[in-house]
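S.K.: okay, here's the prediction I keep looking at, along with the sequence it came from:
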Amino acid sequence: RNGSETALLELRRLVNIPVTQPVELVSTVLASSDSLPEVDLVAVQAQVAERASVAAAEASVSVRREAVRVFRADRYPALHFSMSYGGQAFPSGTFPSYSDFRKDWTASLSLSMPLFDGGRTRGLVQPAQAELMRAEAQLQQAREAVEIDVEQARSELTRARALVAARRQTVTQASRAQQLASVRFANGIAASIEVSDARLALQQARVNEAQATRDYLLAIAGLERALGRPVPLQAARQRVAAGGAAQ
């Protein structure tokens, strides 16, 4: 009961609602593991992760590369062009008139070439190149970290799906054992404790199935987080229909 109340408190925190507000779960996804969505792992394999950390590292590399180009540009000749247009007044009286203004237009074109700057350009380019190399290394590390996260999330999803299938078989076997124990007790060849043990085993198997189902849904969420995008899902009813057609 305490675990259930703690989970509800965490849910209220995540959806940003008051702690005292009643919450009712309407989803029936945990009612049966047969209704679980199936992840298309083939499509997931072809997807490229879109993580904010990788995008930020790529932007940093672009900025550092442009900085190197800017500092290297100081080694090349520079062409400057400037132009000014105005007027000067030469009044014949106290106040100038419009006819007293003389138009003045000047333009200049200059070419400059650095011959010796005391190593200033080299001193600017080398730190910029070092920053670029560090940004590229950080980008590579970010990509490798994302690839590892995706592979771990995909492996966790496969493990969780296999666990759900195993728990489902355990529930089937426990249900059959409980039925046999009830039949044996009804015929007087089994004690009531055997029926109670079988019923307890069935309840525990159902609890384990619910926990495995929860782990599977969390594994789907973890894979989506690792990829940075929703994963392609196949509806359960499509799998059931396909299975029925195959049979």
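M.R.: The structure has been received and is ready for your questions.
S.K.: which residue ranges of the chain form strands?
M.R.: 38-39, 78-89, 101-112, 233-234 (DSSP state E).
S.K.: for the third one, which strands pair with it and how are they oriented?
M.R.: Sheet pairing of strand 101-112 (DSSP bridges) gives strand 78-89 (antiparallel).
S.K.: winner for burial among the strands of the chain?
M.R.: Mean neighbour count (mean count of other CB atoms under 10 Å) peaks for strand 38-39 among the strands of the chain, with a mean of 18. Quick note: C-beta positions are derived from backbone N, CA and C, even for glycine.
S.K.: average model confidence for that one?
M.R.: Averaging pLDDT along strand 38-39 gives 84.
S.K.: returning to that earlier point: mind putting the strands of the chain into CSV with distance to V164?
M.R.: Shown next, in CSV, are the strands of the chain (distance: least, CB to CB, whole Å):
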stretch, distance to V164
strand 38-39, 11
strand 78-89, 69
strand 101-112, 73
strand 233-234, 15
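S.K.: least reliable of those strands by average pLDDT, please.
M.R.: Across the strands of the chain, strand 233-234 gives the lowest mean pLDDT, at a mean of 78.
S.K.: against V171, how distant is A181?
M.R.: From A181 across to V171, the span is 15 Å (CB to CB, to the nearest Å).
S.K.: hmm, I was thinking of E24
M.R.: Distance from E24 to V171, counting by CB to CB: 26 Å.
S.K.: neighbour count winner among those two?
M.R.: In this view E24 and V171 are compared by other CB atoms under 10 Å, and V171 has more residues nearby, 22 against 4.
S.K.: so the more buried one touches R206, yeah?
M.R.: Yes: because the distance of 5.7 Å satisfies CB atoms under 8 Å, V171 is recorded as touching R206.
S.K.: ok, and the closest non-adjacent residue to R154?
M.R.: Spatial nearest neighbour of R154, excluding adjacent residues (CB to CB, 6 or more residues apart in numbering): L223 at 6.3 Å.
S.K.: just S112 next, same as before
M.R.: A78 (5.0 Å).
S.K.: repeat for K103
M.R.: K103's closest residue in space is G87 (CB to CB, 6+ apart), at 5.2 Å.
S.K.: how about the contacts made by that neighbour?
M.R.: By CB atoms under 8 Å, 6 or more residues apart in numbering, the contact set of G87 is 101-104.
S.K.: in a markdown table, list these along with distance to R229.
M.R.: As requested, the contacts of G87 are arranged in a markdown table below (distance: CB to CB, whole Å):
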| residue | distance to R229 |
| --- | --- |
| F101 | 67 |
| R102 | 69 |
| K103 | 64 |
| D104 | 63 |
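S.K.: mind checking how far I148 is from A142?
M.R.: 11 Å.
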